[in-house]
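Colleague: sequence and predicted model, in that order:
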Amino acid sequence: LYPYGNAHESKNPDGTWKFECQHGEPECVGNILEVCIMQQLNWDVDMYLPVISCMEGADDPISSAKGCLSALSSVSYDAVKKCASGKEGNKLEHAMGAKTEALDPPHQYVPWIVINGEHTDELQNEAQTNLVALVCKLYKGVKPAECSNLDTAEKNTVDVELDWA
């Protein structure tokens with residue numbers, strides 16, 4: 001997960017970064033809040049994903065951040081806000097931009113799904129149609145129970161709308 005999307009960045013004279021997001025300033029603020037949440041939760045996907053999912057599922061991800069954090073983590077909103085409004089958040093968001101810009105092939109829309117370092121149209125379509133089935137197909141270890149219940153999972157497919165760069 002790289003909260004950056006179709007943003008662009010330019011370096012300020014003081015060495016910080018200016019971000020321009022496809023959907024305006026609120027998207028940039030949300031991206032920086034999310035990367036600060038990720039960092040504050042020690043980059044532990046099991047810890048930060050529920051918080052970010054909560055935010056993204058809300059009508060206003062920015063105003064929901066405080067409630068999502070308090071309900072789903074032990075991280076203080078003040079610590080996240082301090083990160084997001086300072087040099088630390090700026091540096092973290094620049095790192096998300098650098099990772100996004102380094103994608104090969106370059107991303108053309110969001111979400112741009114990369115699995116095991118690879119992006120193809122086939123992987124993108126399979127992931128967007130039935131992520132559980134794709135994970136079960138690609139997973140090399142002992143398959144979890146979810147993989148034996150694929151008939152049920154296939155009924156739970158979701159269409160994801162792409163947002164072009």
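Modeller: Noted; the coordinates are in hand. Treat the numbers as computed from the prediction; the structure is a model and nothing was measured.

Colleague: could I get the buried residue list for stretch 101-113?
Modeller: Residues of stretch 101-113 classed as buried: 107, 110, 111, 112, 113 (neighbour count, 16 or more other C-beta atoms under 10 Å). Backbone N, C-alpha and C define where each C-beta goes, glycine included.

Colleague: show the average pLDDT along whichever strand or helix holds residue 81.
Modeller: Per DSSP states H and E, residue 81 falls inside helix 77-84. The average pLDDT within helix 77-84 is 97.

Colleague: what does that helix contact?
Modeller: When contacts are taken as C-beta atoms under 8 Å, 6 or more residues apart in numbering, the neighbours of helix 77-84 outside the stretch itself are 29, 32-33, 36-37, 39-40, 65-66, 69-70, 88-89, 92.

Colleague: hmm, try it at 6 Å
Modeller: Contacts of helix 77-84 from elsewhere in the structure, counted by C-beta atoms under 6 Å, 6 or more residues apart in numbering, are 32, 33, 36, 37, 40, 66, 69, 89.

Colleague: which non-adjacent residue is nearest the third one?
Modeller: Once flanking residues are discounted, residue 36 sits nearest to residue 83: 3.7 Å by C-beta to C-beta, 6 or more residues apart in numbering.

Colleague: next, count neighbours for the one you found.
Modeller: Other residues within reach of residue 83 by the criterion other C-beta atoms under 10 Å amount to 22.

Colleague: try residue 122
Modeller: Other residues within reach of residue 122 by the criterion other C-beta under 10 Å amount to 9.
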